[in-house]
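*Asks:* show me how the following folds:
(one chain, ligands or ions: 2)
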Amino acid sequence: MPVPSLVIGIAGGTGAGKTTIAREITSGVDSVTLVPLDNYYEDRSGLPMAEREEINYDHPAAFDWELLRDHLVALCEGRVIEMPEYDFSVHNRTDETTRVEPGEVVIVEGILTLHDAAVRDMLDVKLYVETDADVRIIRRIRRDVVERGRDLEGVVSQYLSTVKPMHEQFVAPTKREADLIIPEGANDTAVGLLRERVHGVVSGEERPEF
Ligand SMILES: Nc1ncnc2c1ncn2[C@@H]1O[C@H](COP(=O)(O)OP(=O)(O)O)[C@@H](O)[C@H]1O
Ligand SMILES: Nc1ccn([C@@H]2O[C@H](COP(=O)(O)O)[C@@H](O)[C@H]2O)c(=O)n1
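*Replies:* Ligands and ions are numbered 1, 2, ... in the order given. The predicted model follows:
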């Protein structure tokens, strides 16, 4: 099993375009391992649905950092992991895990990717995607209603009560941990430069430090 040549972290607010950037900057790379932070929400099987609905999912305490750290160490050492799966419609992990092998490039992406110091230390490059809040909430409403089984009222009330304040308190401050801040999400110039760089490292022509 190969040891990854490059480990990238992508942080930024909900709907900023993190997943899109992860996909675009690695397009054409043979083996990419995506580690979505969303899969590392704590296991809430012990709680009834009504209590799971009340959890603040934008606070760092909502995540299983220990498992994420262990899995990143394993991938960086060239070992396989059993990644949890997350079901947003029930606010919980599923009973399934996915066997994930380390790729040439590993990408960790999620709102709080740059929050944890031990996780940051495992990243060769740290990106923060900066997109205006109005654009992000519009994207979020669309996505949560269409893909995550939510209704408009619920999305708006969650946004105002937890998503926005937690963004300001915990997500936005991690910008200062980033090596690069990408404005307006997947803009062509940033994606083009990053993509070139990723291909350079994977081909062995460039070092992993950006
Ligand atoms: N640069 C962009 N221009 C237009 N739409 C975008 C752009 N980046 C992302 N999107 C769309 O916005 C939504 C959220 O993007 P996504 O990458 O999933 O965000 P995140 O992972 O940060 O939550 C998706 O529907 C995606 O297609
Ligand atoms: N049960 C859950 C778990 C998480 N969320 C929201 O997901 C957002 C993070 O995912 P992105 O793809 O948007 O980065 C986060 O803002 C949580 O509020 C949720 O709604 N329900």
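*Asks:* got the residues of this protein near ligand 1?
*Replies:* Gly12, Thr14, Gly15, Ala16, Gly17, Lys18, Thr19, Thr20, Arg139, Arg143, Gly185, Ala186 (Cβ under 6 Å from any ligand atom). Bear in mind the C-beta positions are built from the backbone N, C-alpha and C, glycine included.
*Asks:* give me the subset of these touching ligand 2.
*Replies:* Within the residues of the chain next to ligand 1, those near ligand 2 by Cβ under 6 Å from any ligand atom are Thr14, Gly15.
*Asks:* which among the residues of the chain next to ligand 1 count as buried?
*Replies:* Gly12, Thr14, Gly15, Ala16, Gly17, Lys18, Thr19, Arg139, Gly185, Ala186 (16 or more other Cβ atoms under 10 Å).
*Asks:* ok, back up a step: so which of the residues of the chain next to ligand 1 are in helices?
*Replies:* Lys18, Thr19, Thr20, Arg139, Arg143 (DSSP state H).
*Asks:* now, which of those residues sits nearest Pro165?
*Replies:* Lowest distance from Pro165 to these (Cβ to Cβ) belongs to Arg139, with 19.1 Å.
*Asks:* which SSE is the closest residue to Val7 other than its chain neighbours in?
*Replies:* Spatial nearest neighbour of Val7, chain neighbours left out: Val106 (4.7 Å); criterion: Cβ to Cβ, 6 or more residues apart in numbering. Per DSSP states H and E: Val106 is located in strand 105-109.
*Asks:* same question, Arg197
*Replies:* Going by DSSP H and E, Arg197 is part of helix 188-202.
*Asks:* which intervals of the protein have sub-threshold pLDDT?
*Replies:* Low-confidence segments of the chain, defined by pLDDT under 70: 210.
*Asks:* state the distance from the residue nearest to Val7 to ligand 2.
*Replies:* 18 Å (Cβ to the nearest ligand atom, to the nearest Å).
*Asks:* do the same with Thr174
*Replies:* 13 Å.
*Asks:* show me the contacts for the closest residue in space to that residue that isn't next to it in sequence.
*Replies:* If the residues on either side of it in the chain are set aside, Thr174 comes closest to Leu114, at 3.8 Å by Cβ to Cβ, 6+ apart. Contacts for Leu114 (Cβ atoms under 8 Å, 6 or more residues apart in numbering) come out as Gly9, Ala11, Arg120, Lys126, Tyr128, Thr174, Glu177, Ala178.
*Asks:* so is Leu114 in a helix, a strand, or just coil?
*Replies:* coil (DSSP: H, G, I helix; E, B strand; the rest coil).
*Asks:* and it, its phi and psi?
*Replies:* Backbone torsions of Leu114, given as degrees, to the nearest 10, read phi -100, psi 10.
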